[in-house]
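build me a structure from this.
(one chain, ligands or ions: 1)
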Amino acid sequence: MTSNNFLGRTVAVINDLTLDERRHLYSKAKELKEAMIRKDRALLNKFKINDEYFGMRRAFLEDSTRTKGSFTSAMEFLNVNEHDFDVDHSSINKSESYFDSINTLVGYDDDVFVIRSKLEGVCRYLEEKTYDLGYLHTLDKPAFVNAGDGKHEHPTQEILDGYTFLEDNHWDYSHLHIALIGDLFHGRTIHSKVDGLKIFHNVKVDLIAPNEIALQDYYVKRMEENGFEIRTFESIEEYLDQKDISKQWYFTRPQLERMGEKVLAKQDELRKGITASVEFLRHLEDDTHFYHPLPRHKEHPTLPTELDGYSVNGWTRQSKNGKLTRIVLLGAIAGVPYICDDFEGQSLEKKVYEDNFIEPLIVENSGVKNYKQGVRPLKNGVVIDHISRGSTPQEI
Ligand code: NCD
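The predicted structure follows:
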């Protein structure tokens, strides 16, 4: 292993990798895929870590099939000491904090942690707070890779999505015209696109979602600041009613588990405007591709399974691309020379943290209340309740 820019890097958000770094990883992933197709073992071996002392642990505190499966498969390929954090039988169930649990595991020689959690910002927090142990096998301090944190970000999904768009764009970085469809409000894969799509030089984004699950204004604003051209539509029908239709459509599932009760009650109605059908294909160019991070609902998929057999299916390849892009990312963090050594371009400055991640505020006691039902008063802490799209702040 050599010392390099990628070594030991935490990837909490997609912007933790510069555009040059992302483009470099894409070119390596392309090379890896071609080597896999040719079964070129000599070249494949150059991508491996092959080190029984290099520890990687998956900590999935939310359900997952593809992300966890592809990370497992990537770690096996890399040939490291890989294992799982057994969430169901961990002390988290005895009310231990994530920090205590993860920090304990850091002491057991894990260099890299891949974490999925409802706790937004958890990887950044751990990056700041974990100790420099000075005796990990390769890294001085563990690296954290965000595999999805609440509705915040999903940077490794962004890497594989970008890779798949590039394949269909014939590796042309000059432009992208994409339609983002579905639950843009709760979908973390969408939120990572705000900065993720910057790898393309000219970006046009069509946002298609009913108002209740439309993309937050601050994300739209940031896309505009990034130079993207933005158009908004409330349904696919409305989108198809005009002439400038994208050839790349990215669907996301209504994130039922993250919805407030008012939006959840409208789910059937909301689904109508964001569900694809074979019918649509006659409006589209032959080389149009649909994508979806998956999973899709088995009874109410917004991407019907009958579309699987059509050439519009980009989601199966997208899911497979998850393994190779994760091999390259983890390999880079471990400092594999073949992945890192020929990097040229801009990298990030080493971070120095000064601010506290959580700033405790003193809350004035507003007097005794008589609660017959509902949320109980907390003796310590803050309850933020009734937050759902559809109500004004005053109503909340
Ligand atoms: C996504 C996720 O978990 O955010 N799926 C994935 O990682 N493959 C999208 C989703 O759950 O809808």
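
residues near residue 202, how many?
Burial measure for residue 202: 12 neighbouring residues, criterion other C-beta atoms under 10 Å. Where C-beta positions appear, they are placed from N, C-alpha and C, glycine not excepted.

and residue 21, which of the three is it?
Remark: residue 21 carries the secondary structure label helix [criterion: DSSP: H, G, I helix; E, B strand; the rest coil].

how close does the closest residue to it other than its chain neighbours get to residue 221?
With sequence-adjacent residues excluded and distances taken as C-beta to C-beta, 6 or more residues apart in numbering, residue 21 is closest to residue 347, at 6.3 Å. Using C-beta to C-beta, to the nearest Å, residue 347 is found at 27 Å from residue 221.

before we move on, what about residue 178?
Here the criterion is C-beta to C-beta. By it, residue 178 lies 18 Å from residue 221.

would you map the helices across the stretch 151-300 of the chain?
Assignment of helices within the stretch 151-300 of the chain using DSSP state H, counting those that start in this stretch yields the ranges 155-168, 188-191, 193-196, 217-225, 236-240, 261-264, 267-272.

nearest to residue 38, of those helices?
Shortest separation from residue 38 across these is recorded for helix 155-168, at 16.7 Å, computed as C-beta to C-beta.

what's the host helix or strand of residue 76 in contact with?
Under the criterion of DSSP states H and E, residue 76 resides in helix 66-78. Residues outside helix 66-78 that contact it (C-beta atoms under 8 Å, 6 or more residues apart in numbering) are 47-50, 56, 58, 60, 82, 114, 116, 147-148, 156-157, 293-295, 319, 322-324, 326-327, 330-331, 334.

quick one: buried residues of that helix?
For helix 66-78, the neighbour count (16 or more other C-beta atoms under 10 Å) marks 66, 67, 68, 70, 71, 72, 74, 75, 77, 78 as buried.

what's the answer for stretch 303-311, then?
303, 307.

and what of stretch 25-35?
Burial within stretch 25-35, assessed by neighbour count using 16+ other C-beta under 10 Å, is assigned to 25, 26, 28, 29, 30, 31, 32, 33, 35.

export that stretch to PDB, keeping only CA atoms.
The C-alpha trace of stretch 25-35 is given here as PDB (Å, rounded to 0.1, in the frame of the first residue of the first chain):
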ATOM      1  CA  LEU A  25     -12.900   6.200  -9.700                       C
ATOM      2  CA  TYR A  26     -15.300   6.000 -12.700                       C
ATOM      3  CA  SER A  27     -12.500   5.300 -15.100                       C
ATOM      4  CA  LYS A  28     -11.100   2.600 -12.800                       C
ATOM      5  CA  ALA A  29     -14.600   1.000 -12.400                       C
ATOM      6  CA  LYS A  30     -14.900   0.900 -16.200                       C
ATOM      7  CA  GLU A  31     -11.600  -0.800 -16.400                       C
ATOM      8  CA  LEU A  32     -12.600  -3.300 -13.700                       C
ATOM      9  CA  LYS A  33     -15.900  -4.100 -15.400                       C
ATOM     10  CA  GLU A  34     -14.100  -4.700 -18.700                       C
ATOM     11  CA  ALA A  35     -11.600  -7.000 -16.900                       C
END
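
so what's the gap between that stretch and the chain middle?
What separates the centre of stretch 25-35 from the centre of its chain is 20 Å, taken as C-alpha atoms, centre = their mean, to the nearest Å.

same list, the buried residues of helix 66-78, but as CSV with pLDDT please.
Output for the buried residues of helix 66-78, formatted as CSV (pLDDT from 0 to 100):
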residue, pLDDT
66, 97
67, 98
68, 98
70, 98
71, 98
72, 98
74, 98
75, 98
77, 98
78, 98
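
just the closest of those to residue 11, please.
Using C-beta to C-beta, the shortest approach to residue 11 within those belongs to residue 71, at 12.4 Å.

if you count what's nearby, which of residue 347 and residue 221 comes out ahead?
Neighbour comparison, residue 347 and residue 221: the larger count goes to residue 347, with 16 against 12 (by other C-beta under 10 Å).

go ahead and confirm that one touches residue 18.
Yes. Judged on C-beta atoms under 8 Å, residue 347 makes contact with residue 18 at a distance of 6.0 Å.

if we can go back for a sec, is there any residue in the helix holding residue 76 that contacts the ligand?
Yes. Looking at helix 66-78 against the ligand by C-beta under 6 Å from any ligand atom, the contacts come from 66, 67.

what's the angle between that helix and helix 155-168?
Helix 66-78 and helix 155-168 meet at an angle of 80 degrees, taking axes from the mean of the first three to the mean of the last three C-alpha atoms, to 10 degrees as the criterion.

now do the next helix or strand along the chain from helix 66-78 and helix 66-78, the angle between them.
Counting by DSSP H and E, the element after helix 66-78 in chain order, helix or strand, is strand 80-84. Angle of strand 80-84 versus helix 66-78, following the same axes, to 10 degrees, is 150 degrees.

give me the angle between the helix or strand following strand 80-84 and strand 80-84.
Next in sequence after strand 80-84, counting helices and strands by DSSP H and E, comes helix 98-106. Using the same axes, to 10 degrees, one finds that helix 98-106 and strand 80-84 are set 150 degrees apart in direction.
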